[in-house]
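Chemist: Structure of the sequence below:
(3 chains)
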Amino acid sequence: MEQAPRKTSFLQAARAVFWSFFGVRKRTDYDSDAVKLTLGQVIAAGLIGAALFVGVLLGVVYLVTHLAAK
Amino acid sequence: MADAQQQNSTVLKKLIIVTVLMFGFGFLLVPFYKKICEVTGISKDKIAVSNTQMDPARWVSIEFDANVGKNLPWKFEPLTAHLRVHPGEFKQVMYRVVNTTNRTMVGQAIPSYGPARAGSFFQKIECFCFTQQTLKPGEEKIMPVQFVVQNDLPKDVHTITLSYTFYEQVKADAS
Amino acid sequence: MEATHAQDHGHGHPTGLMRWITTTNHKDIGTLYLWFAFIMLLAGGCLALLIRAELFQPGMQVVTPEFFNQLTTLHGLIMVFGAIMPAMVGFANWQVPMMIGAPDMAFPRMNNWSFWLLPVAAIMLVSSFFVPGGASAGGWTMYPPLFLQGGISNDMTIFAVHILGISSIMGAINIVTTILNMRAPGMTMMKMPLFVWTWLITAYLLIAVMPVLAGTVTMLLTDRHFGTNFFNAAGGGDPVMFQHIFWFFGHPEVYIMILPAFGIVSQVIPAFARKPLFGYASMVYATGSIAILSFIVWAHHMFTTGMPTSAQLFFMYATMLIAVPTGVKVFNWVATMWRGSMTFETPMLFAIGFVCLFTIGGFTGLVLAITPVDIQLQDTYYVVAHFHYVLVSGSLYAIFAGVYFWLPKWTGRMYDEKLGKLHFWLSTIFFNILFFPMHFLGLAGMPRRIPDYALQFADFNALATIGAFGFGLSQLILLVVVLKCIKSGAKAADHTWEGADSLEWTHLSSPPPYHSFVTPPVVK
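Modeler: This next block holds a predicted model:
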């Protein structure tokens, strides 16, 4: 029965982390983040987000170096 | 109030654990660093060992042989009797020598090659035959030979025999 | 700042010197931190003036080359660990409890201890000038192999860094616990003033990276004395590894020094624009984002150490992307000022100076992030100009803004507005005379940490030296302003700046009682 809220809050954590990387967040969204999200969720989402960010950057680097080689 | 203090010390404990973990993480970065250098091939050691002089297509057999002069009662033998190498490849083998007498003796090893013309292509970087060997009564020595078979070894040479013979050096000679 | 507590001396706590040694009061400790930072600022400033005096003309005039190297090393160490960081912790001590409605810090005794470690470390650092061989001379970054050689002063530096690290970690633990546990009822995380938010994130950064610094200087110590070979190439170690580990600490350290400055400026600008901070939530998120990103950009300090191209590209992209959240902050400050009813008292002047000049430093940082450019400019005066724009006109200006902003609250007396404005204008003019020419020197190829230089650099160096003495002497005005404020300033109103809306202005007198918020305020 906990299933539904957990799912949305994970999505919300992901969304919060995405916006935080950009550094912009609407006040209303932020308020609902602060109510709904726990610190653990944000940290977990932050770590996943950071890993994804590193992965994307590495992908870009791979593309650039391999296109340049051609 | 007591409750608040309880909460504070819980946070304190957690943060101290984080601090200790991060201190350990600093040291963990050392093996990380070595591993990353190894995996990505940045490691300079790796560049240093790749031998561009080696001819991996060709094999040469090396036979190691050991003899002693007739008036030198030493025990002398190679620890490796046989080796297959590529020309240009750096190798090391060990020889063992034992003075079986009860007096200190001085010996000198003289190398010879079969076929003889292979000798000028057999390059010794380090050899116990470069110097005289002094052995106390009953003393045993393990001695290295480091060598490279040069790339321009004639094509028809497939086997080289390296033979050492130890001769006694009399005192007057030695000085 | 004695006057602060004049009316509260009835509680039987010691007076005189013992009061300051034994104090566990967050206000006293904040005061101690700030005075310590100011003394260190003057000490580090004197070293800087000696450096600039030597560089006034080409050739060797004032100091020997060995002593020059000691000056650059100790100037860096003292300013980073002795002036900027303690000043920020001083602000945290004074302001965090008052801003969240807490009676004191969570661990008052630990707070006392974390301050009193600082003078010990400072004495160790400064006295290393007088040991045989003189002070450390390998640069504040302590790179091996140079740092593995050299005399006892290097060991003194290592121990000083250890002590400073322990002090910072204890301070950070205290601040995190205070913010998480001791907020007044109704003071939710999202209602906290931005200064508190930036310090919360800074404190986490400190807890994450100061132990790493402690670990790496421990490795230096064992390499020097206990036969390990972490960094000794002759024993199978790698000196470049030190740079990686050091900058894994060092880059978050950069943000440790600037995030609280962002916090101070985010308090000052809304107060004088008389508008709430634009995009408060964005500011919080941008701060968190900067903190996380700061862990994956360290190698941009070492592009010339021989990295694969792909690694250089990775660190270059990551570094450039960190400019996005920083840019968001700058835009938010500008948007806060936009159509505000602005007045330009000294704190606001320093805050605006911060926004303008820090942005210049941010842009030169972006230039340096570009790998091929950085390879050209590595270790030139361009880098010196860049990090002084972010540290002096960034962190230090924010500290000045904060001091002028909260001085009426702390002392209960107004500072001299005329002298304050004089301090700002002289500082800003001389600061630019001092550091702006360094961009040109660096682009022309003048290397840093060099006591002598080629003739073509002479004019700009002479100009920079004039700026340096002007800037250095201008800081004495601050001393005069503060002393005058304590002694004979006019009585300040409780709500000194009517645009400021955090708890210390709305709920506390000026000066605040020695024990404020004994009963927590209720925040709506």
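
Chemist: where does the stretch 151-300 of chain C have low pLDDT?
Modeler: For the stretch 151-300 of chain C, applying pLDDT under 70 flags no range at all.

Chemist: Quick check: the gap between the residue of it found nearest chain B and residue C:426.
Modeler: Nearest residue of the stretch 151-300 of chain C to chain B, counting by C-beta to the nearest C-beta: residue C:215, 2.7 Å away. Quick note: C-beta positions are derived from backbone N, CA and C, even for glycine. Applying C-beta to C-beta, to the nearest Å, the value for residue C:215 to residue C:426 is 43 Å.

Chemist: Please apply the same query to residue C:478.
Modeler: Counting by C-beta to C-beta - residue C:478 and residue C:426 are separated by 11 Å.

Chemist: And residue C:215 and residue C:426? Which one has more around it.
Modeler: Ranked by neighbour count (other C-beta atoms under 10 Å in any protein chain shown), residue C:215 and residue C:426 place residue C:215 first, with 21 against 16.

Chemist: check which helix or strand covers that one.
Modeler: Element membership for residue C:215 (DSSP states H and E) is helix C:194-225.

Chemist: ok, then the element right after that helix?
Modeler: In N-to-C order, the element after helix C:194-225 by DSSP H and E is helix C:239-273.

Chemist: okay, residue A:42: pLDDT?
Modeler: In the predicted model, residue A:42 carries a pLDDT score of 73.

Chemist: repeat for residue C:486
Modeler: 94.

Chemist: can I assume it is in contact with residue C:414?
Modeler: No. Residue C:486 lies out of contact with residue C:414 (C-beta atoms under 8 Å); the separation is 11.2 Å.

Chemist: Tell me how many other residues surround the closest residue in space to residue A:32 that isn't next to it in sequence.
Modeler: Distance criterion C-beta to C-beta, 6 or more residues apart in numbering or on different chains; nearest residue to residue A:32, sequence neighbours excluded, is residue A:12 at 7.5 Å. Residues lying near residue A:12 (other C-beta under 10 Å) number 19.

Chemist: got the phi/psi numbers for residue A:12?
Modeler: phi -70, psi -40 (degrees, to the nearest 10).

Chemist: How far off centre is stretch C:232-246?
Modeler: Chain-centre distance of stretch C:232-246: 28 Å, with C-alpha atoms, centre = their mean, to the nearest Å.

Chemist: Also stretch C:254-272?
Modeler: On C-alpha atoms, centre = their mean, the centre of stretch C:254-272 falls 11 Å from that of its chain.

Chemist: can you check stretch C:502-521 too?
Modeler: For stretch C:502-521, the distance to the chain centre is 27 Å (C-alpha atoms, centre = their mean).

Chemist: List of residues touching it?
Modeler: Identification of contacts with stretch C:502-521 by C-beta atoms under 8 Å, 6 or more residues apart in numbering or on different chains yields C:3-5, C:7-8, C:11, C:25, C:27, C:95, C:97-104, C:184-185, C:187, C:193, C:267, C:406, C:408-412, C:492-497, C:523.

Chemist: Just the buried ones out of those, please.
Modeler: C:4-5, C:25, C:27, C:95, C:97-104, C:184, C:187, C:193, C:267, C:406, C:408-412, C:492, C:494-497, C:523 (16 or more other C-beta atoms under 10 Å in any protein chain shown).

Chemist: Fine by me, we can end here.
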